[in-house]
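Q: Sequence plus the predicted model coming up.
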Amino acid sequence: MGEEDIFDLTRKQIYWGIAAFMVVVATLLLVFVLLPQYQGSLVEVPDELRAELISLRFVNTPECFTYQDPATGRIFAGVIDLQKFTQERMDKCYRTEPEKGFKDFNFALELEGHTPVVDGQKKLLRTNNFFNKVDFTLYKQVLVRNGDRFEPTRLVIHVQTKI
Amino acid sequence: MNKKGITTLMIVLEIIIILFASYSIFSIASRYASSETTNKIIIADDIKMMVDTLVGTPGEAVVQYPSNISKYTFILSSSSVSVFIKGEGEQKKIVRYFSLPEGYQAFGTLEEKDVLCLEKEKKKIVLKECKEEKLST
């Protein structure tokens, strides 16, 4: 075996060593990073849609803020009863897990023209794990039942998706 | 040894390895796309969103899941929905959590039936097999 042949053999060994290492790295990357990402993209649902569906309860459910006629029991979808629009009611309407609920959707509600201002700041109704990280905001046209009057306004829903 | 022959052989070998790797990646990806885990995640997410929608619907309502789900078993409780295939391990169960307003209840199980319905009746959300007469009225 000549000197050139020995050099050739060594060069091939180094080449195949590097190639095998690259294949192992590529396989690990595929299994632990790319495929889970791909699966995530297959099952992805837009956050706006999820938030929109959860927030339907704020305007349509009498157990939350929706006005219900006490005599007939009729539910007025899209009509907010101002007497029900309290933090206590919010806590009963939507509640995330006390410890890990920050990973879930959380909301802060503002009823335009009807939100009290305390120390120069609007006092919003917040779900139990809302920490002022607003990812996006939803707006809903609603009527507010204030005494016997119905006033058109907007319900502003600040959404915190995950911390 | 013929050096030119060895070089050609190496190139052919590399092309075969690249083709094999590409085929493996695509076949694994397509298996992932049609895997039971993916289907279970999609169904569990859909049911969670159906529950959220029913909670936000005034009055009573029935919703039918729009595809065949006969492979799966479902358990609905007041805080979660679980989707799994009967006989498989606990770690393969897909669970999605939701929050109901106070006073609401959700319950029901369904095992390997073709069609699934979620029915809202006052403050109860029930998961069950669809009944034709309920859907047609």
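A: All right, it came through fine. None of these values were measured; they are calculated from a predicted model.
Q: Show the pLDDT at residue 79.
A: Just so you know, I chose chain A. pLDDT, A:Val79: 95.
Q: was after chain B, sorry
A: For B:Ser79, the predicted pLDDT is 93.
Q: how near is it to A:Phe150?
A: 36 Å (CB to CB, to the nearest Å). Yep, even glycine has a C-beta here, placed from its N, CA and C like the rest.
Q: Low-confidence ranges, chain A, go.
A: A:1 (pLDDT under 70).
Q: What parts of it come near chain B?
A: A:23, A:26, A:30, A:35, A:38-39, A:42-43, A:45, A:49-50, A:53-64, A:66, A:75, A:77, A:92-97, A:104 (CB under 8 Å from any CB of the partner chain).
Q: contacting residues around the closest residue to chain B within chain A?
A: Chain A approaches chain B most closely through A:Leu56 (2.5 Å), counting by CB to the nearest CB. Neighbouring residues of A:Leu56 by CB atoms under 8 Å, 6 or more residues apart in numbering or on different chains: B:52-53, B:55-57.
Q: Of these - the most surrounded one?
A: Neighbour tally across these (other CB atoms under 10 Å in any protein chain shown): the maximum, 26 neighbours, falls on B:Val55.
Q: Quick check: chain neighbours aside, which residue is closest to that residue?
A: A:Arg57 (5.0 Å; CB to CB, 6 or more residues apart in numbering or on different chains).
Q: and the one you found, how many residues sit next to it?
A: For A:Arg57, the count of nearby residues is 25 (other CB under 10 Å).
Q: can you confirm it is in a strand?
A: No - using DSSP: H, G, I helix; E, B strand; the rest coil, the assignment for A:Arg57 is helix, not a strand.
Q: Is it in contact with A:Cys93, as I believe?
A: Yes - A:Arg57 lies in contact with A:Cys93 (CB atoms under 8 Å); the separation is 6.3 Å.
Q: got any residues that touch both of these two?
A: A:63-64, B:101.
Q: Distance to B:Leu9, neighbour count and secondary structure for the residues you listed - can I get that in JSON lines?
A: Shown next, in JSON lines, are those (distance: CB to CB, whole Å; neighbours: other CB atoms under 10 Å in any protein chain shown; DSSP: H, G, I helix; E, B strand; the rest coil):
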{"residue": "A:Glu63", "distance to B:Leu9": "75", "neighbour count": "18", "secondary structure": "coil"}
{"residue": "A:Cys64", "distance to B:Leu9": "73", "neighbour count": "25", "secondary structure": "coil"}
{"residue": "B:Pro101", "distance to B:Leu9": "71", "neighbour count": "18", "secondary structure": "coil"}
